[in-house]
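In: Quick one, structure for this:
(one chain, ligands or ions: 2)
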Amino acid sequence: MLGFDFDNAFVREMPGDPETGPRVRQVEGALWSAVDPTPVAAPRLLAHSAEMASRLGISEEHIASPGFARVFAGNELLPGMQPFASNYGGHQFGHWAGQLGDGRAISLGEVVNAAGERWELQLKGAGPTPYSRTADGRAVLRSSIREFLCSEAMHHLGVPTTRALSLVGTGEMVVRDMFYDGHPAPEPGAIVCRVAPSFLRFGNFELPASRGNTALLRQLADFCIRRDFPHLGGAGEALYGQWFREICEHTAVMVAHWMRVGFVHGVMNTDNMSVLGLTIDYGPYGWIDNFDPDWTPNTTDAQRKRYRFGQQASVAYWNLGRLAGALSPLFDGVEALQAGLQAYVDTFNAADRDNIARKLGLAECRDDDVGLMQALQTLLRDGEVDMTLFFRALADFKPIGFEPASFESGTSAHGLFADAFYDDAKRIATAPAFDDWFAIYARRLREDGSDENGPAATHRRNRMRAANPRYVLRNYLAQQAIDRASQGDPEGVKELLDVMRRPYDDQPGREAFAAKRPDWARSRAGCSMLSCSS
Ligand SMILES: Nc1ncnc2c1ncn2[C@@H]1O[C@H](COP(=O)(O)OP(=O)(O)OP(=O)(O)O)[C@@H](O)[C@H]1O
Ligand SMILES: [Mg+2]
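Out: Ligands and ions are numbered 1, 2, ... in the order given. Reported below is the predicted structural model:
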């Protein structure tokens, strides 16, 4: 019926909790607990990803049937499904938090599709588990819409990510104190089915390590290598070393993509870091509007801004350090772990340079170009310039015949970028500095042999447009879709998803989705500030 078989390797091969059901508890010596989703009152499919469905071999006809909504609300299990919550710990905001685990995520099973790909299906918001602690195991519609949309938007942007298959309304209300200010209120509930080859997180390894259970740690590491890194060869420490190195490299590539597209994860705790280097846990994330490396959308982190945009590469390194510590019982010395961390640095730097070359339209990134990008970023920050609009427009900059001062006087370059500024006074104040920068940039492009309208310029523009998206999931766009869905109309979610399917293409008639943040959204909840309460 669904066109796939289940092959539940994790629960088959890894030790599980002897107790089943959702009683809250510490679970020692086991990596997962069997627990069923709690049925909901009135499942209703609000949106789905056609790409993910077809990848799994699920037909559109099946998606439209009531059975689909029931299964992906957790009301019905298909043959072969073995629901479980996984047991993990984590460092939250720099501190070891002990056992956390899937408190509201319940995996249904591992699918192997017709192409032989393995995809784990996981419901987020499916009800209480042994790891729910004091919370309810549910998720609200607004946060589920955000997770659903961003998972797919990131995929289409080329950023490694967990995917989303479906968004199902539960027909039940969930009480949340959105700003932790003593005003709890009921909100509609929803469940996302997310999909990934593996949901293993750094925290899955940290927890057995923190309890001194090296045998369990080793069992999990061996399993992860076997299932999720089958291409790695060798044995023993050499194999573990290669594996850790790949985790580091994948993490570096992921964060470099975040920096390229202006994504701020918002809560990079080690329990939210995937060993496959997939973006996971779309909670209080946000997108950069005006370029500001110090910005974080997460209101819980507003004071220290640990997870601000410009800090993400360092935080990922710190997180990998925690993972290295957890894995250290598998190693005699520290060299292999240190080499892995160094591989993170090297991979990130190489990816960052690649970003510079592609975003600026250079054939390659020379040492001086790193400074050129840094100077530009300072200007973008000082001038309060929209990151997405600016880089997109940069492809149309004409280096030949560019005269300094034209930026200020309103000809040439200026016209291209005028729309990217949020503040007129700042635009005027930074105009001379932008002029200087464009003069250097124009010279640099001419050195690269860019012609005005010939094939070299076309090639450069196409390359830039493939690195600098026209459409990103701006915070206010997601909020508008949420507002509509909260009134009972999910069409806004579907339309936004459709726009985000082709983020690098100009889509005539959809200019509004590329518009910079409107004034009303500057300080509105959900648009520039996101609560962890989800
Ligand atoms: N409503 C909830 N009910 C039960 N547990 C929750 C709830 N919200 C969060 N948790 C748990 O709190 C911990 C940290 O939460 P965090 O916000 O990082 O994750 P999350 O958004 O629930 O999910 P994930 O990381 O699976 O995407 C996790 O163990 C998570 O399962
Ligand atoms: Mg989480």
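In: Surely Glu172 forms part of a strand?
Out: Yes: counting by DSSP: H, G, I helix; E, B strand; the rest coil, Glu172 is part of a strand.
In: Surely it is in contact with Thr38?
Out: No: between Glu172 and Thr38 there is no contact under Cβ atoms under 8 Å: 9.9 Å. From N, CA and C alone the C-beta is placed, and that goes for glycine too.
In: Just the element for Leu473, please.
Out: Using DSSP states H and E, Leu473 is not contained in any helix or strand.
In: From Gly361, how far out is it?
Out: Leu473 sits at a distance of 24 Å from Gly361 (criterion: Cβ to Cβ, to the nearest Å).
In: Likewise for Pro18?
Out: Distance from Pro18 to Gly361, by Cβ to Cβ: 60 Å.
In: and what of Ser274?
Out: 32 Å.
In: Could you do Phe205 as well?
Out: As judged by Cβ to Cβ, Phe205 and Gly361 stand 41 Å apart.
In: before we move on, back to that, Glu172 and Thr38: which is more packed in?
Out: Thr38 (19 against 16; other Cβ atoms under 10 Å).
In: State the helix or strand in which Thr378 lies.
Out: helix 367-382.
In: quick one: average pLDDT of that helix?
Out: Helix 367-382 shows a mean pLDDT of 98.
In: Tell me if Glu110 really is in a strand.
Out: Yes: according to three-state DSSP, Glu110 belongs to a strand.
In: mind listing what it touches?
Out: 6-10, 118-121 (Cβ atoms under 8 Å, 6 or more residues apart in numbering).
In: Reformat those as TSV; add neighbour count.
Out: TSV is the format used below for the contacts of Glu110 (neighbours: other Cβ atoms under 10 Å):
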residue	neighbour count
Phe6	17
Asp7	13
Asn8	18
Ala9	18
Phe10	24
Arg118	16
Trp119	20
Glu120	21
Leu121	24
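In: Spell out which parts of the stretch 251-400 of the chain neighbour ligand 2.
Out: Remark: the part of the stretch 251-400 of the chain in contact with ligand 2 comprises 272, 281, using Cβ under 5 Å from the ion.
In: Give me the three-state assignment for the residue of the stretch 351-500 of the chain found nearest ligand 1.
Out: Of all residues in the stretch 351-500 of the chain, the one sitting closest to ligand 1 is Ala478 (16.0 Å; Cβ to the nearest ligand atom). Recorded secondary structure, Ala478: helix (three-state DSSP).
In: count of residues packed around it?
Out: Counted with other Cβ under 10 Å, the neighbours of Ala478 add up to 27.
In: Strands of the stretch 101-250 of the chain, residue ranges please.
Out: Residue ranges of the strands in the stretch 101-250 of the chain, as given by DSSP state E, counting those that start in this stretch, are 105-112, 118-124, 163-176, 185-196.
In: could these go into CSV alongside mean pLDDT and distance to ligand 2?
Out: As requested, the strands of the stretch 101-250 of the chain are exported to CSV (pLDDT from 0 to 100; distance: least, Cβ to the ion, whole Å):
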stretch, mean pLDDT, distance to ligand 2
strand 105-112, 98, 8
strand 118-124, 98, 9
strand 163-176, 98, 15
strand 185-196, 97, 12
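In: excluding its backbone neighbours, what's nearest the residue of the stretch 151-300 of the chain found nearest ligand 2?
Out: Nearest residue of the stretch 151-300 of the chain to ligand 2: Asp281, at 3.9 Å (Cβ to the ion). Sequence neighbours aside, Asn272 is the residue nearest to Asp281 in space, at 4.2 Å (criterion: Cβ to Cβ, 6 or more residues apart in numbering).
In: Ala313 versus that neighbour, what's the distance?
Out: In terms of Cβ to Cβ, Asn272 sits 16 Å off from Ala313.
In: ok, the two, which is more surrounded?
Out: More crowded of Asn272 and Ala313, by other Cβ under 10 Å: Asn272, with 22 against 19.
In: ok, now which ones touch the residue in the stretch 101-250 of the chain that ligand 1 sits nearest to?
Out: In the stretch 101-250 of the chain, the residue that lies nearest ligand 1 is Gly103 (2.3 Å; Cβ to the nearest ligand atom). Counting by Cβ under 8 Å, 6+ apart, Gly103 touches 85, 128-129, 131-133, 135, 137.
In: From those, keep the buried residues only.
Out: Buried members of the contacts of Gly103, scored by 16 or more other Cβ atoms under 10 Å, are 85, 128-129, 131-132, 137.
In: Looking at those residues, spot the one nearest ligand 2.
Out: Tyr131 (11.0 Å).
In: what pLDDT does that closest one get?
Out: Predicted confidence (pLDDT) for Tyr131: 98.
In: Contacts only, for the residue in the stretch 351-500 of the chain that ligand 2 sits nearest to.
Out: As assessed by Cβ to the ion, ligand 2 sits closest to Ala478 within the stretch 351-500 of the chain, at 18.7 Å. Applying Cβ under 8 Å, 6+ apart to Ala478 gives the contacts 145-146, 149-150, 496, 526.
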